[in-house]
Each structure stands twice: as C-alpha cells, then as structure tokens.
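Peer 1: Return atomic coordinates for the entry below.
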Amino acid sequence: MVKMMKKKIKWLFLVAVVHASTLMAADILKTDSYFTAQQYDLAKAGYIEAAKLGNPHAYYQLARMYAKGLGVKQDVVNALIYYSLAAEYDYFDAQKVIDNTLATLSTDSKATFIKVMDDYKVKLGKQAIDAKYFPVILQGSLPSKVTFDGNEKLKHLFYSEDFMEDSIASLNNLAIEEGGNEDATYMSTPKEPYLILDIDIAADGSIRNYFEVQNMGGSAKRLINEFILFPQPKPSINNQHISFVHRVFLGAAVYSKSILIDKNEPMYAQILRTSKRLKQGTTLNERYQYAMALLNFPWLTSEPQEAEQKLLAIAKLGHPSAMYEYGMLLYREQRNIPEAIKWISQASKYGLIRAEYRLGMLLNSSPWVQQDQSKALFWFSSAMDKGDTNAAIRAIDIKLTAKDKSLHSIESAVQNLKNIEHEQTNNPEYYYLLALSYRDREARDFSQFVRNMRTAISRGNSANWDTREWQSLLDESTVGTVYITDE
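Peer 2: Numbers count the residues shown, from 1 in each chain. Predicted structure coming up:
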C-alpha cells in the first residue's frame, strides 16, 4: 500500500513540473461548466492548471474526482493529497473529509498518509505557490497611507459640468444670451447614462486606463472621453508620487434617489425592479449581482456597509467577482491592505481578467508589496492572452524596459504590439513602446523611433500626461545625430 502510494505521488508531482513552463491562469468558471456537463477530461485539465496557482476550489474538485472516480481511476491517495491542499485555505469541508478518512486507518497507515500530505504541501503547497506567483507584503509600509495632493481621500462623484466644457446646457445658455427665446428648446438635453468607472491614476494625476463597472441608460462614450482628460489629484506616499486605482461615479450615477426619479424615472423604476428580483434570488451569482446593486446604487441600502458584508459572505463561498470587488473595496479605501491583496489574489486564481490585471499592477507598483516584475509579467501575460489590451501594454512595457534584463523579449513585444495596434491608436503609451521597439529590435529603425516618440509626446500632451521623461529620452537620443524621416 505504501509503495503504491509513493509511486502515485511521484507521478502526480511530475505532472505539475512538466506543465510549469506553459502555465497560464485557468478559466475556472468554464472548467466548472465542463464538470457539470460530465466532460471530465476537460474538467480535469482545467482544474490541474488552476491547481498549480493554488486555487482551493480546483484542489477540492480534483479531490472529489479521485475520491469518486469521476473521469479518473478512483484513488484515495490523490484524493487526500488534493483535499489537504484545499484544507490549507480552509476550503469548505476539506479538513473534515481528511479527518474522517484518517480516523478509519491504523496508526501506522495514518502516520504515513500524514507525512505524504505534509511533504507534498512543502513542495507545492500554499507557501511555495505564494512565493512563486503572489505578492509579498511589506509589513513596515502598511502604516503609510496614500494621499492625493495632500488630501486623505479622492472625490468620487463627478458632475458633467465639472469637466465637459462644451456641454449641451452651455450651448443652450449661449443661444439665449445671443437673443434667443428663453422659453424655446434649442437642443434637448439627453438623459445621462448611469456610469461607474474604475480608473488608474498615474503619478502625474492623469487617467491612464479605465474599466466600466456599471453602464446603463445610454451611450457613455463622449462622457468617458471627456472625463479621462480631466486631471486628478496626484497620488503620493512618503513624499513620492505613485499610481493608484480609484472608482468614480459619472452621469446619472451622481444623482440622489429623489433627483434620479425627477430626471429619469424610467431608469429608477428599472433599477428598483431589477434589485427586487435579485434580492429574491437564491443562486450565488444572483446574490453577487444584488450585492453589486447595493454598491452601485447606494440609495438601495438599508443598513451601513450592507453591500460590503454581502460581498464578503459571497466571496467566502467561492465567487471570484465577489472576491475581487471586496478586495478592491478594501484596497481603494486603504483598509486592511493584506486582506485586500489576499482577496484580489484569490480572484486571480479563478482566471478573472480584471483581477489578473490588477494583481499585475500591485506587483508592479503598489507601495505595500515587494515589487516583482517577473510575477507581474506572468499575470499581465495571462490577462493579455484573454484579450485585455491594458494588460498587453503593461506586459510589453516590462518586456522592453524591465530592470531585470532576463525579462526582456524584444521579438515577443513587437508581436504583441502588432496584435493590439488597431485598438491603441489613441494611446500615447502605445506609440512610446512602439518607438522603443524600433530602437531595440534587431532591424533597428531610428527614424521610426523618432517618429513614434514624437507621436507619443504629442498625444500625451493632448491627454494632459507628463511627457518630460519621454522628451528627455528623445532629446538625448537625437543630440548630434543626423536622421532622415518622411516628414
């Protein structure tokens, strides 16, 4: 029994090592759908990938498959190993299953099983995986707080007239001032969309990336395009400017309940109907959507921190989006940073794209974790492979500029730039990175370097970015140099 057990464990360890070089964060939700459909071969493959990143749900599901012989040969040894890995995260009843199983064994067999499980946890358990892929908290930095031009908090409600210089209301007022009829309607003011964005604020206060959290009730393109040009207070910590993430409410999202009813009663009625339906929901996803409704429409809540408490409860039940939202809430508000990073990390293990991107950002620039561009590149690359262009920009940046030269990959960066060129025509950083690629690639093209640097600087200035560093690089690169362009 013991010989057979050791042989099986050796094989399981080799499987994990063989696939390490091609590891990418798995889409655990898709894998669950395979399991439900009894497509066990596909489910097993997905769970194994997720297990390599320390996903407790994947461990637990693999344990169930081996315990019950679902798509695999029934095997109590592998079942216990996976249960023990899930138990490290206090997942569901994993530890109870282990205890019940060990209680049926003789003293010698029990000791052997425990040693095997402990040995396996040392090699590929939580501590080993965390060290390889996840952030290391800088305990000494935790007391420090990010401020914003000296203020403790950022403004989160933005009225359109604060940043839309050519608003329709202004045009109507101008028409009246020039002799028009005050009672006439020159241009009807459209109903504003209910818009919530997560934004990345750079060290210079400019908005670099955004993610739509909530968008309902109309086109938000113009609202977004105007807002992202609006400078924010500069984030800083210990007298050093840094980047930070923030959530903003725009359009109808700034309205109180009474104002929303007055300005857009159909939208209010729709929100109310949907929230009532979700409140009665019993599935995990319905419960998550209701918690998000409470978060996004604060006037729906009846108790303080109601949305936060619901998100935490759902996160503990294994919902990746709830894990992410709860972690991000804590992080944005700078409350319990280790807990925030734990939940964001957990969400990333489920293949949630925005969690992977955010984890990469934390590893790249958070003041509370040990910066690690190798780990950051892993998560950016995983999100990029799932189609996230913001993650692609960050991955390309590391491949071209990382302090650790072993992370440089010019050819890969060039291909990544080609893959996203049609989606990045307005992004100054795309042209900056494209310029660097022309400077550093084997078939060096200095004229293209200069042309793209100029484009990056021009577009960056138009977007209110601080481009002085780029300008200095261009100046240093062109001093005493004769070059030919098509301009």
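Peer 1: ok, now which ones touch residue 205?
Peer 2: By Cβ atoms under 8 Å, 6 or more residues apart in numbering, the contact list for residue 205 reads 149, 231, 232, 233, 234, 235. Where you see a C-beta, it was placed from the backbone N, CA and C, and this is true even at glycine.
Peer 1: neighbour-wise, which of these leads?
Peer 2: Using other Cβ atoms under 10 Å as the neighbour test, these are led by residue 235, with 23 neighbours.
Peer 1: tell me the least confident of the contacts of residue 205?
Peer 2: The lowest pLDDT within these belongs to residue 231, with 92.
Peer 1: how does the chain divide into domains?
Peer 2: As assigned by automatic domain parsing, the chain contains the domains 2-133, 138-254.
Peer 1: Not counting residues beside it along the chain, what's closest to residue 162?
Peer 2: Spatially, and ignoring its direct neighbours in sequence, residue 162 is nearest to residue 230 (7.6 Å; Cβ to Cβ, 6 or more residues apart in numbering).
Peer 1: neighbours around the one you found, how many?
Peer 2: 15.
Peer 1: I'd assumed it was in a helix, is it?
Peer 2: No. Counting by DSSP: H, G, I helix; E, B strand; the rest coil, residue 230 falls outside a helix, being coil.
Peer 1: hang on, it packs against residue 207?
Peer 2: Yes. Counting by Cβ atoms under 8 Å, residue 230 touches residue 207, with 7.4 Å between them.
Peer 1: Which parts of the stretch 151-300 of the chain are strands?
Peer 2: For the stretch 151-300 of the chain, strands defined by DSSP state E, counting those that start in this stretch occupy the ranges 157-158, 194-201, 207-216, 235-237, 240-241, 244-251.
Peer 1: In a markdown table, list these along with distance to residue 357.
Peer 2: Formatted as a markdown table, the strands of the stretch 151-300 of the chain follow (distance: least, Cβ to Cβ, whole Å):
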| stretch | distance to residue 357 |
| --- | --- |
| strand 157-158 | 23 |
| strand 194-201 | 10 |
| strand 207-216 | 8 |
| strand 235-237 | 18 |
| strand 240-241 | 22 |
| strand 244-251 | 10 |
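Peer 1: With respect to residue 408, which of the ones you listed lies nearest?
Peer 2: When the strands of the stretch 151-300 of the chain are compared for distance to residue 408 using Cβ to Cβ, the nearest one is strand 207-216, at 22.7 Å.
Peer 1: tell me which residues in the closest one are buried?
Peer 2: 207, 208, 209, 211, 213, 214, 215, 216 (16 or more other Cβ atoms under 10 Å).
Peer 1: likewise stretch 139-148?
Peer 2: Buried residues in stretch 139-148, counting neighbours by 16+ other Cβ under 10 Å, are found at 146, 147, 148.
Peer 1: Can you give me the end-to-end span of it?
Peer 2: With Cα to Cα, to the nearest Å as the measure, stretch 139-148 spans 22 Å from end to end.
Peer 1: Tell me the gap between it and the middle of its chain.
Peer 2: Here the centre of stretch 139-148 is set off from its chain's centre by 21 Å, with Cα atoms, centre = their mean, to the nearest Å.
Peer 1: what about the closest residue to residue 467 other than its chain neighbours, how many residues close to it?
Peer 2: Distances taken as Cβ to Cβ, 6+ apart place residue 460 nearest to residue 467, at 4.1 Å, with adjacent residues excluded. Taking other Cβ under 10 Å as the criterion, the count of residues near residue 460 is 22.
Peer 1: can you check residue 285 too?
Peer 2: Residues lying near residue 285 (other Cβ under 10 Å) number 14.
Peer 1: my read: it touches residue 320, true?
Peer 2: No. Using Cβ under 8 Å, residue 285 makes no contact with residue 320, being 10.8 Å away.
Peer 1: and the helix or strand containing residue 33, what other elements does it pack with?
Peer 2: Remark: residue 33 resides in helix 28-36, with elements defined by DSSP states H and E. Packed against helix 28-36 by the contact rule (3 or more Cβ pairs under 8 Å, 6 or more residues apart in numbering; DSSP states H and E) you find helix 40-51, helix 56-68.
Peer 1: Contacts for it next, please.
Peer 2: With contacts defined as Cβ under 8 Å, 6+ apart, helix 28-36 is touched by 40, 42-43, 46-47, 50, 55, 57-58, 61, 320, 349-351.
Peer 1: try 7 Å
Peer 2: Outside helix 28-36, the residues within contact range by Cβ atoms under 7 Å, 6 or more residues apart in numbering are 42, 43, 46, 47, 50, 55, 57, 58, 61, 350, 351.
Peer 1: Return the distance of the second one relative to residue 28.
Peer 2: Between residue 43 and residue 28 the distance, using Cβ to Cβ, to the nearest Å, works out to 10 Å.
Peer 1: before we move on, the earlier item: for residue 385, which of the strands of the stretch 151-300 of the chain is the nearest?
Peer 2: That would be strand 207-216 among the strands of the stretch 151-300 of the chain, by Cβ to Cβ, at 17.9 Å.
Peer 1: Give me the distance from the closest one to the chain's centre.
Peer 2: In terms of Cα atoms, centre = their mean, the centre of strand 207-216 is found 12 Å from the chain centre.
Peer 1: partners of that strand, with directions?
Peer 2: strand 194-201 (antiparallel) (DSSP bridges).
Peer 1: ok, and for the partner strand, which residues are buried?
Peer 2: 194, 195, 196, 197, 198, 199, 200, 201.
Peer 1: Contact partners for the closest residue to the first one other than its chain neighbours?
Peer 2: Excluding the flanking residues, the one nearest residue 194 by Cβ to Cβ, 6+ apart is residue 252, at 4.3 Å. For residue 252, the residues meeting the contact criterion (Cβ under 7 Å, 6+ apart) are 192, 193, 194, 217, 260, 264, 267.
Peer 1: Only the buried subset of those, as a ChimeraX command please.
Peer 2: Here is the ChimeraX command that selects the buried residues among the contacts of residue 252 (16+ other Cβ under 10 Å):
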select :192,193,194,217,260,264,267
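Peer 1: Including distance to residue 358, could the domains of the chain go into TSV?
Peer 2: Shown next, in TSV, are the domains of the chain (distance: least, Cβ to Cβ, whole Å):
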stretch	distance to residue 358
domain 2-133	13
domain 138-254	7
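Peer 1: Please name whichever of those is nearest to residue 382.
Peer 2: The nearest among the domains of the chain, by Cβ to Cβ, is domain 2-133 at 4.3 Å.
Peer 1: Centre of the chain to that closest one, how far?
Peer 2: Remark: domain 2-133 is offset 27 Å from the chain centroid, using Cα atoms, centre = their mean.
Peer 1: now the stretch 101-250 of the chain, which segments are flagged as low pLDDT?
Peer 2: For the stretch 101-250 of the chain, the stretches with pLDDT under 70 are 163-190.
Peer 1: hang on, the earlier thing: what would the buried residues of strand 194-201 look like in TSV with distance to residue 444?
Peer 2: Output for the buried residues of strand 194-201, formatted as TSV (distance: Cβ to Cβ, whole Å):
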residue	distance to residue 444
194	50
195	44
196	45
197	39
198	38
199	36
200	32
201	35
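Peer 1: Show me which of the residues you listed is closest to residue 65.
Peer 2: Among those, and counting by Cβ to Cβ, the member closest to residue 65 is residue 198, at 36.6 Å.
Peer 1: I'd like to know how far the closest one sits from residue 212.
Peer 2: Shown here: residue 198 relative to residue 212, a distance of 8 Å by Cβ to Cβ.
Peer 1: again with residue 125
Peer 2: To residue 212, residue 125 is 38 Å away according to Cβ to Cβ.
Peer 1: Same check on residue 202?
Peer 2: Counting by Cβ to Cβ, the gap from residue 202 to residue 212 is 19 Å.
Peer 1: The helix holding residue 33 versus helix 56-68: what angle between them?
Peer 2: Relative orientation of helix 28-36 versus helix 56-68 (axes from the mean of the first three to the mean of the last three Cα atoms, to 10 degrees): 20 degrees.
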